[in-house]
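**Q** model the following, please.
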Amino acid sequence: MFRGYRDRADDSLLTLLGDLPELVTKLVKAEIDSAKAWVSRTAKDAGIGSVWFILALFFLFWLVPMILVFAIVGLSSWWPVWVSVLAVLGLLLVCVLVCVVIGALKFRKVLSRENPGQAVATDVRIVKEAGNEHA
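**A** I've put the predicted structure just below:
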């Protein structure tokens with residue numbers, strides 16, 4: 001006997017078929033337990049990874065104003081401060097507009113796609129219509 005297994009070579013077909021539901025039940029329970037463990041590990045790792053991304057966003061939040069101040073101070077060595085501020089503000093507005101246009105185009109592409117639920121509903125409707133034609 002090895003790890004709780006026994007030699008089933010001499011068992012009859014009916015004995016093997018009788019043991020099949022128990023074996024399938026054990027297999028399904030083992031797969032469910034394995035899936036639960038995987039979800040638990042994955043959720044924990046995703047949570048920890050999310051914390052690191054949030055921390056990176058915190059530092060990025062403070063980095064952006066520093067870069068903008070650096071740009072304004074640098075430009076103010078050639079231009080008056082108010083012109084430097086307007087130049088940086090104009091550049092930021094152009095960046096915002098470009099990001100909005102690109103984002104809108106991507107969302108338009110997403111919204112035009114057929115989701116899986118719609119695809120299943122369409123398939124069911126086609127099958128029903130085909131069934132009604134033959135009846």
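**Q** poorly predicted segments of the protein, please.
**A** Counting by pLDDT under 70, the chain has low-confidence residues at 1-5, 114, 131, 134-135.
**Q** if we go to 90?
**A** 1-28, 30, 33-35, 37-39, 41, 45-46, 107-135 (pLDDT under 90).
**Q** hey, where'd the helices end up in it?
**A** Here the chain has its helices, by DSSP state H, at 13-75, 81-112, 116-134.
**Q** centre of the chain versus stretch 11-18, how much separation?
**A** 46 Å (Cα atoms, centre = their mean, to the nearest Å).
**Q** buried set for that stretch?
**A** Using 16 or more other Cβ atoms under 10 Å as the test for burial, stretch 11-18 gives no buried residues. Every residue, glycine included, has its C-beta placed from N, CA and C.
**Q** circling back to that earlier point, of all the helices of the chain, which one is nearest R6?
**A** Closest to R6 of the helices of the chain is helix 13-75 (Cβ to Cβ; 10.8 Å).
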